[in-house]
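Student: starting from these lines, generate the structure:
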Amino acid sequence: MGSSLPPKEANLFKLIVKSYETKQYKKGLKAADAILKKFPDHGETLSMKGLTLNCMDRKAEAYELVRRGLKNDLKSHVCWHVYGLLYRSDREYREAIKCYRNALRIDADNIEILRDLSLLQAQMRDLTGFVETRQKLLTLKPNHRMNWIGFAVAHHLNSSGSKAIEILEAYEGTLEDDYPPDNERCEHGEMLLYKISLLEECGFLERALEELHKKESKIVDKLALKEQEVSLLVKLGCLGEGEKIFRALLSMNPDNYKYYEGLQKCLGLYSEHGLYSADDIDKLDAFYKSLRQQYTWSSAVKRIPLDFLEGENFREAADNYIRPLLIKGVPSLFSDLCPLYDHPGKADILEKLILELEHSIRKTGTYPGRSEKEPPSTLMWILFLLAQHYDRRGQFDVALNKIDEAIDHTPTVIDLYSVKGRILKHAGDLVAAAALADEARSMDLADRFINSECVKRMLQADQVGLAEKTAVLFTKDGDQHNNLHDMQCMWYELASGESYYRQGDLGRALKNFLAIEKHYADMTEDQFDFHSYCLRKMTLRAYVEMLKFQDRLHSHKYFHKAAVGAIRCYMKLYDSPPKSMVEEDEEMAKLPPSLKKKMRQKQRKAEARAKKEAEEKNEESSAGNVSKFGKRQHVKPVDLDPNGEKLLQVEDPLLEATKYLKLLQNNSSDFLETHLLSFEVNMRRQKILLAFQAVKQLLRLDADNPDTHRCLIRFFHKVDNMSAPVTDAEKLIWRVLEAERPDLSQLHGKSLIEANNCFLEKHKDSLMHRAAAAEMLFVLDPQKKAEAIKLIEDSTNSVMQANGALGAVKEWKLKDCISVHKFLGAVLVDPGAASRWKTRCAEYFPFSTYFEGIRSSAFSKSAEDKILNTRQNGDLNNHHEATQRGDSYSVNGKLEAFNNLTI
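Tutor: Predicted coordinates for the structure are as follows:
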């Protein structure tokens with residue numbers, strides 16, 4: 001480095017490098033300028049000056065200087081290395097790798113460049129290249145521990161576990177017998193555990209167990225050692241020894257469910273699907289009773305038997321489990337019992353049990369069979385549990401009666417108001433649910449969770465402006481939206497995006513959905529720092545797990561929801577482009593070509609000028625924010641598009657949608673929604689074979705789903721109405737469809753109308769299936785609109801199976817009835833049928849604001865007037881005016897508009 005310079009300037013060049021490494025950027029710049037005064041074309045100095053400026057957020061100058069430096073000295077590995085570092089800082093990893101490879105052509109044995117290259121290869125999952133680079137590093141520096149470990153991990157990631165084991169054993173062969181010293185025992189123990197896990201992964205179970213016993217004294221993490229040992233013993237079939245270790249582990253942590261599961265496996269009493277014979281249930285019951293005597297304080301040992309016990313035994317165990325928790329007042333009891341509702345019959349037993357406890361407490365103040373009086377709060381917690389029980393079973397009127405009684409009993413318990421709001425949300429009154437959530441929030445202004453739940457309810461009720469004001473109470477001063485974005489508050493951005501989508505504000509909706517996609521991109525980038533850190537600290541098992549997690553990162557539910565939301569926005573944008581864009585295009589079309597060109601140039605110049613002004617404004621605002629080292633402090637950039645208007649100005653919305661669709665297909669291929677969106681996008685793009693592929697995937701996942709039936713009929717209806725193929729590609733598509741169609745059992749030997757009738761006959765008792773059949777009947781023959789409406793109106797809301805002591809529940813779900821209403825109004829365009837359906841559903845869902853049920857907040861005229869004044873969509877200007885009138889929200893956000901509301 002700096003070898004072509006005289007001694008004085010060469011020392012100054014070393015100072016530049018040292019200043020860069022110690023983040024003394026001003027000092028480095030001063031040294032660089034001193035060299036460039038005498039040698040203005042010195043390539044390496046220009047490159048280092050550019051790298052220093054890059055760290056001071058002067059990227060444009062940095063790139064210009066580095067490129068000048070590289071042009072002046074193409075044979076310098078320093079210039080290429082610096083260019084790679086510049087690209088790496090901007091996350092242009094592929095370009096950075098190219099630069100590093102060019103640097104290695106000049107200096108093949110440069111350790112720093114090889115190390116930087118290996119980190120990028122791990123980041124980009126170039127595993128073959130990663131192995132090669134790590135091998136070279138080990139060859140150059142075999143006495144460095146990190147190089148051995150890095151080479152082994154590279155082979156492991158490249159699916160060569162046995163080779164990784166050989167490398168680790170070769171590394172151990174270089175160590176002395178008394179290794180490790182005290183200050184390296186933890187790192188060495190982690191390496192040994194990693195090696196044992198590798199042996200297990202490769203199937204060398206006996207060898208792994210032998211290694212574990214041999215190196216036991218050198219492994220510091222004794223809990224991980226025991227868990228690894230018992231895993232190997234169970235896989236080897238040594239169940240007796242495994243049982244002993246699991247019992248030892250339970251004595252350390254008797255609330256670990258995995259230990260109980262492992263102990264059941266050792267005793268031969270474990271079923272993956274939870275299905276047991278009567279004999280096995282008796283054995284398990286006796287087994288857990290013995291454990292209960294041993295671990296009297298353990299919650300898990302009392303809760304697990306509820307999963308497999310049945311009948312009277314289940315009732316007795318549930319009674320013993322629930323009683324003390326009701327006395328203690330555990331708000332999460334229902335969440336704990338919730339999985340039992342999926343077991344046939346257990347919900348009815350729980351209902352009868354809790355009702356008996358309620359009756360006894362009301363009458364005598366004691367539990368059945370006991371003489372001691374229970375605390376007065378016990379009744380309140382029983383009512384609280386019953387309200388959640390009836391809410392889960394869809395009996396909202398009973399649930400509300402119970403929770404109201406609990407509130408009358410103890411009006412100061414915040415959880416009661418939160419649960420009442422949740423019940424109203426499920427019943428369809430989102431506005432009243434938001435009001436109750438705000439009531440709960442105002443009772444404890446220091447509780448972040450209650451505040452967040454209130455914000456979520458407000459967003460569900462489309463009160464976006466008020467939700468933002470409430471959310472900002474727990475963020476830093478300043479722009480709340482940016483704060484929430486910086487905190488990666490994805491639940492807020494999802495709920496906000498969905499609310500904007502419902503209101504038709506596609507720009508803001510897209511802005512929120514794409515912000516979530518950026519968070520996941522940031523998470524992917526965040527792994528970069530761990531490639532060197534984990535190898536240095538020897539946290540190898542956690543490192544490999546982290547890489548596996550990163551590989552499936554985009555399968556997370558938040559990303560799935562955000563991608564689905566973005567695709568829907570782009571499809572809606574394609575179906576209904578913004579009027580301004582259409583009008584502009586029409587005006588432009590009328591102009592002569594020369595004027596068109598001038599207009600476009602003016603637009604581009606105006607955009608560039610606005611961007612430059614914004615950048616200058618950013619620089620001015622950050623001018624005073626310079627650290628003592630010369631590096632500018634982080635300043636939030638000005639949002640040039642707060643309403644997402646630029647996001648709507650895409651040339652091809654479907655192309656943008658396809659980008660997210662591919663991510664969903666790669667990471668969420670088992671979701672029906674993924675293939676429904678694929679069908680919709682590809683039908684709009686006229687990609688017939690891709691749409692057919694989506695139909696086949698839908699049939700594979702759920703052939704009886706109403707949406708699957710819609711896609712199948714719509715697809716072949718479109719194909720049947722296509723003009724005769726002309727080009728070779730069209731003929732090929734036609735031949736493929738003709739070959740595939742007979743293989744579909746739904747259409748085999750049937751016309752589309754017959755297939756639709758068969759589907760209807762098969763699912764005639766289901767509302768959504770009847771609606772799908774009606775919609776397809778209208779698609780196939782628009783003249784049969786009246787028949788399609790009759791199909792829906794003839795549907796009966798049957799009673800579900802016995803649902804407990806206090807009445808039955810109808811089969812129809814609120815969201816299904818809403819979608820049917822929208823179909824009648826928007827697709828069939830029959831206001832009369834839509835009105836009749838709304839009146840009918842208002843009886844079934846009396847709390848629903850959508851259907852204006854008799855017990856909903858929308859039904860009250862006085863409340864409705866106030867709601868209209870405060871604008872439920874969260875318009876802050878109207879909110880301000882209403883506040884000045886004194887009839888809206890109080891300072892803490894409490895909704896006084898609902899004081900007169902009767903629920």
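Student: thought residue 291 was touching residue 300?
Tutor: No: between residue 291 and residue 300 there is no contact under C-beta atoms under 8 Å: 9.4 Å. (Glycine included, C-beta is placed from N, CA and C.)
Student: so these two - more neighbours on which side?
Tutor: residue 291 (21 against 17; other C-beta atoms under 10 Å).
Student: how about the more buried one: what's its closest non-neighbour residue?
Tutor: Nearest residue to residue 291, sequence neighbours excluded (C-beta to C-beta, 6 or more residues apart in numbering): residue 301, at 4.9 Å.
Student: state the distance from that neighbour to residue 247.
Tutor: Distance, residue 301 to residue 247, using C-beta to C-beta, to the nearest Å: 13 Å.
Student: neighbour count winner among these two?
Tutor: Higher neighbour count among residue 301 and residue 247: residue 301, with 21 against 14, using other C-beta under 10 Å.
Student: on contacts alone, who are the packing partners of the helix or strand in which the more buried one is found?
Tutor: Taking DSSP states H and E as the criterion, residue 301 maps to helix 300-303. Contacts defined by 3 or more C-beta pairs under 8 Å, 6 or more residues apart in numbering; DSSP states H and E place helix 300-303 against helix 257-266, helix 278-294, helix 311-328.
Student: tell me the most buried of those?
Tutor: helix 257-266 (a mean of 18; mean count of other C-beta atoms under 10 Å).
Student: what's the angle between that helix and helix 278-294?
Tutor: Using axes from the mean of the first three to the mean of the last three C-alpha atoms, to 10 degrees, the inter-axis angle of helix 257-266 relative to helix 278-294 is 130 degrees.
Student: shaky segments in the chain?
Tutor: 1-3, 477-482, 579-591, 596, 606-607, 609-638, 800-809, 860-903 (pLDDT under 70).
Student: now the strands: where do they sit in it?
Tutor: Assigned by DSSP state E, the chain shows no strands.
Student: quick one, domains of it?
Tutor: The record assigns the chain these domain ranges, following the TED database: 7-187, 309-427, 488-577+647-661.
Student: quick one: those domains as JSON lines, columns for distance to residue 717 too.
Tutor: Rendered in JSON lines, the data for the domains of the chain read as follows (distance: least, C-beta to C-beta, whole Å):
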{"stretch": "domain 7-187", "distance to residue 717": "43"}
{"stretch": "domain 309-427", "distance to residue 717": "36"}
{"stretch": "domain 488-577+647-661", "distance to residue 717": "19"}
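Student: which one of these lies nearest to residue 856?
Tutor: Minimum separation from residue 856 across the domains of the chain (C-beta to C-beta) falls at domain 309-427, 8.3 Å.
Student: and the end-to-end length of the closest one?
Tutor: End-to-end distance of domain 309-427: 33 Å, with C-alpha to C-alpha, to the nearest Å as the criterion.
Student: if we can go back for a sec, same list, the helices and strands packed on helix 300-303, but as JSON lines with distance to residue 517 please.
Tutor: Below are those laid out as JSON lines (distance: least, C-beta to C-beta, whole Å):
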{"stretch": "helix 257-266", "distance to residue 517": "34"}
{"stretch": "helix 278-294", "distance to residue 517": "47"}
{"stretch": "helix 311-328", "distance to residue 517": "42"}
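Student: what's the neighbour count on residue 489?
Tutor: 21.
Student: what's the end-to-end length of stretch 409-418?
Tutor: Span of stretch 409-418 from end to end, C-alpha to C-alpha: 16 Å.
Student: dump the residue contacts of residue 535.
Tutor: 146, 149-150, 153, 543 (C-beta atoms under 8 Å, 6 or more residues apart in numbering).
Student: hang on, the earlier thing: of all the domains of the chain, which lies closest to residue 675?
Tutor: The nearest among the domains of the chain, by C-beta to C-beta, is domain 488-577+647-661 at 9.9 Å.
Student: how far away from the center of its chain is the closest one?
Tutor: 8 Å (C-alpha atoms, centre = their mean, to the nearest Å).
Student: same thing with stretch 296-309?
Tutor: For stretch 296-309 - counting by C-alpha atoms, centre = their mean - the centre lies 31 Å from the chain centre.
Student: residues in contact with it?
Tutor: Contacts of stretch 296-309 (C-beta under 8 Å, 6+ apart): 254-257, 260, 274, 276, 281, 284-285, 288, 291-292, 295, 314, 317-318, 320-321, 336-337, 339-340, 343.
Student: hmm, back to that, ok, which of the domains of the chain comes nearest residue 790?
Tutor: domain 309-427 (27.6 Å).
Student: tell me how far that closest one is from the chain's mean position?
Tutor: The answer for domain 309-427 is 32 Å, by C-alpha atoms, centre = their mean.
Student: picking up where we left off before, which of the contacts of residue 535 sits closest to residue 183?
Tutor: Once C-beta to C-beta is applied, the member of the contacts of residue 535 that ends up nearest residue 183 is residue 146, at 16.2 Å.
Student: how near is the residue nearest the centre of the chain to residue 407?
Tutor: With distances taken as C-alpha atoms, centre = their mean, the residue of the chain nearest its centroid is residue 558 (2.0 Å). Note on residue 558: its distance to residue 407, by C-beta to C-beta, is 34 Å.
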